[in-house]
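1. Got a sequence here, can you build the structure:
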Amino acid sequence: MATFDTNRPTVDGVRFGASSGGFIATLFAKIIAWNDSRVTRNALSALSARELEDIGLSRGDLANM
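-> Below is the predicted model of the structure:
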């Protein structure tokens, strides 16, 4: 009869193995959010000062995005 060790190693209370999928999903979501912000900043940077004013933004606001 075979037995399997179901205990996972931990470091500072964080289990490895069980949360790996969650870590990867979180990392992937952060990369997608960063890319969306980058694309938005690039699109807004292409607008003139007048167009930015029309939507309630200024050049300084783009740096904070």
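
2. Now the host helix or strand of K30: buried residues?
-> Per DSSP states H and E: K30 is located in helix 20-45. Along helix 20-45, these residues count as buried under the neighbour rule (16 or more other Cβ atoms under 10 Å): L44. Every residue, glycine included, has its C-beta placed from N, CA and C.

3. got the contact list for the helix or strand following that helix?
-> Going down the chain from helix 20-45, the next helix or strand is helix 49-54, by DSSP H and E. With contact meaning Cβ atoms under 8 Å, 6 or more residues apart in numbering, helix 49-54 is reached by 44, 58-59, 61-62.

4. Likewise for stretch 56-64?
-> 41, 44-45, 49, 52.

5. T40: what's its closest spatial neighbour, skipping adjacent residues?
-> Nearest non-adjacent residue to T40, counting by Cβ to Cβ, 6 or more residues apart in numbering: M65, 6.7 Å away.

6. Got the phi and psi for G56?
-> G56 adopts backbone torsions of phi 80, psi 30, taken as degrees, to the nearest 10.

7. Please report how far it lies from T40.
-> Using Cβ to Cβ, to the nearest Å, G56 is found at 15 Å from T40.

8. ok, now A29?
-> Counting by Cβ to Cβ - A29 and T40 are separated by 16 Å.
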